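Asker: Got a predicted model here, sequence first, then my questions.
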Amino acid sequence: MPKLTINGVELEVAGGTSVLQACEQIGVEVPRFCYHDRLSVPANCRMCLVEIEKTPKPVASCAMPCSDGMVVHTDSEMVHKARKSVMEMLLINHPLDCPICDQGGECDLQDQAMAYGFDRSRYAEMKRAVTDKELGPLVKTVMTRCIHCTRCVRFVDEIAGTPELGGLNRNEHMEIGTYVTQPLTSELSGNIIDICPVGALTNKPYAFEARPWELQKTETIDVMDAIGGNIRVDARGNEVMRVLPRLNEEINEEWINDKTRFACDGLKRQRLDQPYVRKGGKLQPASWSEAFSLIADKLRDIAPGRFAAIAGDLADCESMFALKSLLKLFGSSNIDCRQDGADYDISVRAGYIMNSSIAGIDQADAVLLIGTNPRHEGTSVNARIRKRWLRGGMRVGLIGAAVDLGYPHRYLGATPQTIQDLIDGKGEFAKILQNAKKPMVILGAGALARPDGAALQTSVCALAEKYNMIRDDWNGFNVLQRAASSVGGIDIGFVPQSNGLSTKGILQAAETGKLDVVYLLGADEIDMRQLGNAFVIYQGHHGDKGAHRADVILPGAAYTEKNAIYINTEGRPQMALQAVFPPGEAREDWKIIRALSAVVNKPLAFDTLMQLRALMVEAAPVLANMGHFVKADWKSFGKPGSLTTKPFHNVIANFYMTDPISRASPTMAKCVAEIVPLTMPEAAE
């Protein structure tokens, strides 16, 4: 391990550490534009120049490895002069756009020009102008501002796996752009806005909308998928202006997908802001008391088995627990949080979560994907797999629909028969799993919704045990859930108990007239035609499919409008915080259910959020470990059954519209029109 001296401070660093990284370890700031912790090192901006004794000129610290006996100065006269010269060169062609630039106020170029730059310009020549590039509906370009740091080029190539950006021409004629004019097709493309150190790449839907100092910033959790990515919601007044990623090394690192980032404009469209009741076949605005009275009349003498509830993909733990408690008072256990109709073994927690954790992918040396497309179902998981593949020494196999994952993989087959072949030791990938030190399997939740889902879960469990994926120091059995509510709903018991009906059973019973009342808690992904003549109560925040079928609508709060708990696909509970208030007469979901319980003369055993959460922790102790990943005890699980020969299919046909919020988003509609035909032609037809 080399020992060196930086500004008179001696330190020892690991081999291969760059001078810039060594400076950061002791808190010495070194400016940079092209260098990024998660990208390769091009050393082309030269802003990180430092003085190293016995070298004739300043050295780019990002690309200089530390060596024994090295003496580094970051605050010498030579360094100051070099930084001013570099900054002067970078600003030769950069326009004076700060007053109208969306990057203003959070721009690296502004900050470093102020801290390290010269106080005047010596150039009188005309500045270079560059034609703006069309990158699609999400990223706005002003390429005259580009300083050729190539962060965006390296991101789409290395992190996203879609090498669609590059440098054209050379010297002062160089331009960053696509080789052919078409939108960026990566689901992570919005992250190039964050890593761009200038205003060359900005948020197109957010353009000219607000300045960063006008916004109220709230750290919360994403619910567009089951990953539970950490995000920051920026709001002005009662309007969500933008969503940005928040650093969490264990979950999403510092990336979020485009749906999470850009679908926020759907939060202010097609909203339910007051109760409605159906009169004469049409939904009419109503008061809360009128809506509650109608529900109370329907529930007054209802038989226990004729009341059911289904929770949607965006439901939080508090509202599901409250609704479960209400139905229990009516003697009904016809409840389910799995809209897709999945009916697999949930008696063992390890059977429905991601046991290795998302960060555990970094340790794996063999990954088998079954019935899932993580690029659409869990973008952060897919980025982790690609990151691990780039390090080398890992093989990826895919059983399911043939898709482009963004990294090389072995396509093993489209049917569950391939799983049995692996259990029997057939095929080359069986040898890869056998020889792997830390193999893992990732089973898609969509595959568990098949008619043979329970048997599939059993077979994958047997596969994991055969190839030594289950050990004291490693658990490679993983289920990649798609809905933010799935794990939380199962953990708190929002699933059929004893003789209760599952989602399929509820829909069949409603269709045949065996149910009188069905309560939809934000459930929009079911076939509404199967609800038959049942009285439908819809509680949600958007006028989506469930609201169109409802007889009574109770306006709830979106995820940015309430304090709520969600449990991600790892089984990690996380807290979402309120960024804005619900619109109009809409209220937080648990409060609506608590108020309704009083009207129907079955008051619930809590009056405050703290009392509700105390009861939840009693029912699901894992909720006491907020923000932490808790290993689940392993026991063999599954239900007997036979696998069918039916091939797997992609459960997400359209990545950009999977929930009521994204379906209401004009930006997502543009993505469907411009990007989907390039990446998912079957969804565009």
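Answerer: Looks like it arrived, so ask away. Just so you know, these numbers come straight off a predicted model, no measurement behind them.
Asker: which residues of the stretch 351-500 of the chain fall in helices?
Answerer: Per DSSP state H, counting those that start in this stretch, the stretch 351-500 of the chain carries helices over the ranges 374-377, 379-391, 417-423, 428-435, 445-448, 453-466, 486-491.
Asker: for those helices, which one sits closest to residue 86?
Answerer: Minimum separation from residue 86 across the helices of the stretch 351-500 of the chain (C-beta to C-beta) falls at helix 379-391, 30.0 Å. In this view, the C-beta of every residue, glycine as well, is placed from N, C-alpha and C.
Asker: related to what we said a few turns ago, Serialize the helices of the stretch 351-500 of the chain to JSON lines and add fields for distance to residue 668 and mean pLDDT.
Answerer: Below are the helices of the stretch 351-500 of the chain laid out as JSON lines (distance: least, C-beta to C-beta, whole Å; pLDDT from 0 to 100):
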{"stretch": "helix 374-377", "distance to residue 668": "14", "mean pLDDT": "96"}
{"stretch": "helix 379-391", "distance to residue 668": "15", "mean pLDDT": "96"}
{"stretch": "helix 417-423", "distance to residue 668": "34", "mean pLDDT": "95"}
{"stretch": "helix 428-435", "distance to residue 668": "37", "mean pLDDT": "96"}
{"stretch": "helix 445-448", "distance to residue 668": "20", "mean pLDDT": "92"}
{"stretch": "helix 453-466", "distance to residue 668": "29", "mean pLDDT": "94"}
{"stretch": "helix 486-491", "distance to residue 668": "22", "mean pLDDT": "97"}
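Asker: Tabulate these (a markdown table), appending mean neighbour count.
Answerer: Output for those, formatted as a markdown table (neighbours: other C-beta atoms under 10 Å):
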| stretch | mean neighbour count |
| --- | --- |
| helix 374-377 | 25 |
| helix 379-391 | 22 |
| helix 417-423 | 19 |
| helix 428-435 | 16 |
| helix 445-448 | 25 |
| helix 453-466 | 21 |
| helix 486-491 | 28 |
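Asker: Kindly reformat these as a markdown table containing distance to residue 159.
Answerer: Converted to a markdown table, these look like this (distance: least, C-beta to C-beta, whole Å):
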| stretch | distance to residue 159 |
| --- | --- |
| helix 374-377 | 13 |
| helix 379-391 | 6 |
| helix 417-423 | 30 |
| helix 428-435 | 25 |
| helix 445-448 | 25 |
| helix 453-466 | 29 |
| helix 486-491 | 27 |
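Asker: Ok, which of these comes nearest residue 670?
Answerer: When these are compared by C-beta to C-beta, helix 374-377 sits nearest residue 670, at 18.1 Å.
Asker: helices and strands around the closest one, which ones?
Answerer: On a contact count with 3 or more C-beta pairs under 8 Å, 6 or more residues apart in numbering; DSSP states H and E, helix 374-377 meets helix 379-391.
Asker: ok, residues contacting the helix it packs on?
Answerer: When contacts are defined by C-beta atoms under 8 Å, 6 or more residues apart in numbering, helix 379-391 is touched by residues 158-161, 187-188, 225, 227, 229, 251-253, 255-257, 358-359, 361-362, 364, 367, 374-375, 394, 396, 405-408, 442, 480.
Asker: In strands, which of these fall?
Answerer: In strands, defined here by DSSP state E, the members of the contacts of helix 379-391 are 367, 396, 442, 480.
Asker: farthest pair in those?
Answerer: 396 and 480 (14.0 Å).
Asker: The two: which is more packed in?
Answerer: residue 480 (27 against 21; other C-beta atoms under 10 Å).
Asker: Tell me how many other residues crowd residue 469.
Answerer: So residue 469, with other C-beta under 10 Å, has 26 neighbours.
Asker: Run through this protein and note the low-pLDDT ranges.
Answerer: 680-685 (pLDDT under 70).
Asker: quick check, nearest of the ones in strands among the contacts of helix 379-391 to residue 340?
Answerer: residue 480 (13.4 Å).
Asker: what sits against that closest one?
Answerer: 226, 354, 372, 374, 377, 378, 381, 442, 443, 444, 445, 569.
Asker: Let me have these in a markdown table, adding distance to residue 551 as columns.
Answerer: As requested, the contacts of residue 480 are exported to a markdown table (distance: C-beta to C-beta, whole Å):
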| residue | distance to residue 551 |
| --- | --- |
| 226 | 31 |
| 354 | 38 |
| 372 | 37 |
| 374 | 39 |
| 377 | 33 |
| 378 | 36 |
| 381 | 39 |
| 442 | 41 |
| 443 | 38 |
| 444 | 35 |
| 445 | 31 |
| 569 | 34 |
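Asker: from those, which single one is nearest residue 508?
Answerer: Looking across the contacts of residue 480 and measuring by C-beta to C-beta, the closest to residue 508 is residue 445, at 21.6 Å.
Asker: Looks like the closest one contacts residue 484 (just checking).
Answerer: No: counting by C-beta atoms under 8 Å, residue 445 stays clear of residue 484, with 11.8 Å between them.
Asker: Which one of the helices of the stretch 351-500 of the chain lies nearest to residue 7?
Answerer: For residue 7, the closest of those is helix 379-391, at 32.8 Å, according to C-beta to C-beta.
Asker: This completes my enquiry, with thanks.
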